[in-house]
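[1] here's a sequence, model it:
(3 chains)
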Amino acid sequence: MAKEAFIALDYDYIDVDDSSMIRLWGRTKEGKRICVLDTTDSYFWLIPKAKANLEKYAEKVKKIHLKHAGREAKVLDVRIKEKNFLGQPIKALQVLVNNPKDIVTIKDIAKEFPETEEKRETDINFVTRYIIDKKIIPLETYSVEGKELSKKELRENGWNWNVDIVIKAEKITEAKWEFEPKILAFDIEATDFEIGKGQILMVSLANKHIQKVLTWKKFANPPKEVEFVKNEEELIKKFIEFIEDYKPDFLVGYFSDAFDLPYLRMRAENYDLKLNIGLDNKGITFIKGAVMSSEIRGLVHVDLYKFVNNIISYSLQSETISLNDVAKELVGEEKIKIDLGKINKELKETKGKLGEAELRRFSLYNLQDSVLTSKLFDKLWPNIMELTKFVQEPLFEVNRATYSNLVEHNIIHNAHRFNEIIQHRPTFDEINERKIRPKYTGAFVKEPIPGLYENIAVFDFRSFYPNIIVSFNISCHTINMKKEPGDYETPEFEFEGKKRKFYFKKKLGFIPQILSELLEKRKEVKAELKKHRTPVLEARDYALKTLSNATYGYLGFFGARYYSLECAASIAALARHYIHKTIEDIEKDGFNVMYADTDSVMFLFDKKKEEALKLLEKINKSLPGTMELDLENFYKKGLFVMKRTGELGAKKKYALLSEKGEIKVRGFETVRRDRCKLAKDTQDVVLKSVLEEGKPDKALEYAQKIVKQLRDKKIPTEQLVIRTQLKKEIESYESIGPHVAVAKRMRELGLPVKEGSLIEYVITAGKEKLIRERARLPEEVNEGAYDVDYYINNQVLPAIESIFSVFKISMENLQGKKQKSLKDF
DNA sequence: GATCCGAATATACC
DNA sequence: ACCGGTATATTCGGATC
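    Presented below is the predicted three-dimensional model:
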């Protein structure tokens, strides 16, 4: 009997005889690479029609067997069990089969039986099934006891795996030990951005201890990290060798799912090389979906870009999620600046002959990318780890998961605690039906009256939507269309053209319960965080916040297993009800509520802080369930402006000055990335001088100075660059805006533009009427060639006009008076 | 040909 | 296709005078 403390980093399953075996790929406490073999039942559920004779039905199902895919597909056993489904207790058949791959064929036969109402859990991956039933959770540490397979036994089975030890598990128990992941970050440089064209010039590898660049482009005085190889083929061989020798747990890249690994594969194929860097000796699996994934068995491929894009980006300040911007914000370091376009052009024009200095810099650039990726991994590892442990799906999946995936995984991995049969993934037809349903009414936003205010209090609901779900027990399992005694109810609201109410049973549903546990855990973590802040605790808090906040959106998402537009609409209706009630309560106490958006209210507290706090307490006493209103902050000043069109106050646009002197800007051009720097900076100065000093006149002088500088062409072009993202394929635009026109130009120039690219352009002066006809790439713009009028009238003035109009300073009517209009400068 | 207005588009707020 | 609705602002592009 062998015994090893180990951690499961990766999971898969293989056919053994007629059934399937789970492989847990991981690391032992001593640092050996391990593969643990284990088994679990493979099954799905049949939900019978009400009149079905269960015993007879079970006997019939039990007899299903057929030859399929070179195997005997058969039902091993059928068990009649008491289960819950959609909140109702039912009797269901658990159909155990010998191989999970046969579930599809067997369920198709069982589906035709007259007794069959529904089939469920046929779309649960066998790895997920294993994790649910055996509770061997990814990234948790265990101890395994079992039989170690000898080299001979492995050979006999044809199991040529690149691990130190293979154990057939007999017993797996929890065991606490510290795991430090051994990672290797990598990055390639190639002559072309497009996969299928060009070749690989360099590969860099890095972690805390290693910095290495492999290249066949030789040059004098190379940095010490650079190792020259003969040619591209040798480069790929060395890369494979290095990984084989170093034996990392994770191979980490940035955008490597869709670039580095597919590129490497393509070039390796060119030399008949196999990228056998996985532990199963099977190379890399490329999973083509809407976005490509590259999976290496046992050596988990982490693509940090996916994680940042799906999960982290919403909490970042960065305007893009490029490695440069993200690393700058999260690890305080940037990429080495080189002109990749120029290098690629030179490579093409001189058939690959770059200057020595350029190559040296290029190699350092390549290395820095791996170094940044490695550091970014260290920073994000607690987040990835906490989410993985919490939702209990393998690291590879969590790395690439979206919010809805995470919410759903969390539900799936908890359903068994409630004896629930898991709802199926929606079919193509169901998705299409859901997509065409009309939108429901969402949150309430109160229109502010434009002006500069003093002494503002802000209250907001703590985790508003999650707490509504919990307090009103909202889920597709608990919803009632007609009121039953004791039901919770929504206010009356318009839903799909009718005035109506929805009702929710008192008996706690399992989704609200999972959510309430989540909120409870977050409370504990928050309390813990008050005592001591650690990266792991912060990451745990972020994971819990992410999951709880995404639950409401998940319910209204057409791809969700537990989709319910009625529930999502009910949550929104309750949110509207409680924000209105809060506004009324505050107004009843004599305060002036000037603004509200979704879960927050702003009102003039008139220097009566204590009274405001007392009111907060009073409101809280009247709130049901776990709902709670918090004091967000007190502010010294707040500015609200008018919409550009119409005489209404603009929603979602304000600036506040806190008592500590910090300015909080929302919605203004200052915080928008599709405005030029000059407009944003000018607005920022104007906002600051209005809020901090209360001096609009001084701000006006500043604005006038900027306008004059513009007219005199003293503003550097870089301040006038407008950045707009290409959100679709270039050809699919109906309306060609400036950024689309520029993207087309870039494509003609051979520059890399694709969906998602941030297009930079400057508007130049000229006779052409349309703006897009005068939009140019920044590098195309000669000094002073920019269109002064455009930047004054379309960029700078719109950003400040609305602020000045609060102080009755008009841009037009100032002509002839003591002060001059901005347009005169 | 100038002008008006809705549609298309991007981005932010919560 | 990969969580929801609410909201502002800009530019295009076609209709209208």
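[2] how far away from the center of its chain is the longest helix belonging to chain A?
    In chain A, with assignment by DSSP state H, the single longest helix is helix A:356-391. Centre-to-centre, helix A:356-391 and its host chain are 18 Å apart (Cα atoms, centre = their mean, to the nearest Å).
[3] same check, this time on stretch A:504-519
    With Cα atoms, centre = their mean as the basis, the mean position of stretch A:504-519 lies at 25 Å from the chain mean.
[4] again with stretch A:236-253
    When C-alpha coordinates are averaged (Cα atoms, centre = their mean), stretch A:236-253 and its chain have centres 28 Å apart.
[5] which parts of it are buried?
    A:236-240, A:242-243, A:247-253 (16 or more other Cβ atoms under 10 Å). Glycine gets a C-beta too; all of them are placed from N, C-alpha and C.
[6] which ones among those residues map onto helices?
    Applying DSSP H to the buried residues of stretch A:236-253, the entries found in helices are A:I236, A:K237, A:K238, A:F239, A:I240, A:F242, A:I243.
[7] what is the nearest of those residues to A:Y130?
    Distance to A:Y130, by Cβ to Cβ, is smallest for A:I243 among these, at 27.5 Å.
[8] I'd say the closest one and A:L251 touch.
    Yes. When contacts are counted by Cβ atoms under 8 Å, A:I243 is listed as touching A:L251 (7.0 Å).
[9] coming back round to it: show me which of the buried residues of stretch A:236-253 neighbour DNA strand C.
    When Cβ under 7 Å from any atom of the strand is applied, no member of these is adjacent to DNA strand C.
[10] okay, and the common contacts of A:I243 and A:L251?
    Residues touching both A:I243 and A:L251 (Cβ atoms under 8 Å, 6 or more residues apart in numbering): A:L184, A:I277, A:L299.
[11] do I have it right that the last one meets A:N281?
    The reference is to A:L299. No. A:L299 is beyond contact range of A:N281, at 11.5 Å (criterion: Cβ under 8 Å).
[12] these two - which one has more neighbours?
    Just comparing A:L299 and A:N281: by other Cβ atoms under 10 Å the higher neighbour count belongs to A:L299, 24 against 14.
[13] contacts only, for the more buried one.
    Contacts of A:L299 by Cβ under 8 Å, 6+ apart are A:D10, A:I243, A:P248, A:D249, A:F250, A:L251, A:I277, A:G278, A:L279.
[14] using TSV, lay out the residues you listed together with distance to A:Q317 and pLDDT.
    Formatted as TSV, these follow (distance: Cβ to Cβ, whole Å; pLDDT from 0 to 100):
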residue	distance to A:Q317	pLDDT
A:D10	34	98
A:I243	35	96
A:P248	31	97
A:D249	31	97
A:F250	27	98
A:L251	29	98
A:I277	36	93
A:G278	37	94
A:L279	39	96
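[15] restricted to strands, list these.
    Mapping these onto strands (DSSP state E) picks out A:D10, A:F250, A:L251.
[16] ok, the second one - contacts?
    I take that to be A:F250. Listed by Cβ under 8 Å, 6+ apart, the contact set of A:F250 reads A:L9, A:P181, A:K182, A:I183, A:L184, A:L299, A:V300, A:H301, A:V302, A:F377.
[17] now which of those would you call buried?
    A:L9, A:P181, A:I183, A:L184, A:L299, A:V300, A:H301, A:V302, A:F377.
[18] give me the phi and psi for A:K446.
    phi -90, psi 140 (degrees, to the nearest 10).
[19] identify the residues contacting the helix or strand bottoming out on mean pLDDT in chain A?
    Every helix and strand in chain A was compared by mean pLDDT, DSSP states H and E; the lowest is helix A:340-349, with a mean of 73. Residues outside helix A:340-349 that contact it (Cβ under 8 Å, 6+ apart) are A:T191, A:D192, A:F193, A:K353, A:L354, A:E358, A:F362, A:L751.
[20] next one: stretch A:228-236
    Residues outside stretch A:228-236 that contact it (Cβ under 8 Å, 6+ apart) are A:199-200, A:202-203, A:214-216, A:218, A:222, A:238, A:264, A:267-268, A:271, A:273, A:275.
[21] what's the PyMOL line that selects buried ones from those?
    In PyMOL syntax, the buried subset of the contacts of stretch A:228-236 is picked out as below (16+ other Cβ under 10 Å):
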select buried, chain A and resi 199+200+202+203+214+215+216+222+238+264+267+268+273+275
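[22] you'd agree A:T490 is up against A:K499?
    No. Counting by Cβ under 8 Å, no contact exists between A:T490 and A:K499, whose distance comes to 11.7 Å.
[23] which of the two has more neighbours?
    Higher neighbour count among A:T490 and A:K499: A:T490, with 23 against 8, using other Cβ under 10 Å.
[24] next SSE after the helix or strand containing A:I7?
    Secondary structure from DSSP states H and E places A:I7 in strand A:2-16. Note on strand A:2-16: by DSSP H and E, the next helix or strand toward the C-terminus is strand A:19-28.
[25] packing partners of that next one?
    Using 3 or more Cβ pairs under 8 Å, 6 or more residues apart in numbering; DSSP states H and E, the elements in contact with strand A:19-28 are strand A:2-16, strand A:33-38, helix A:126-134.
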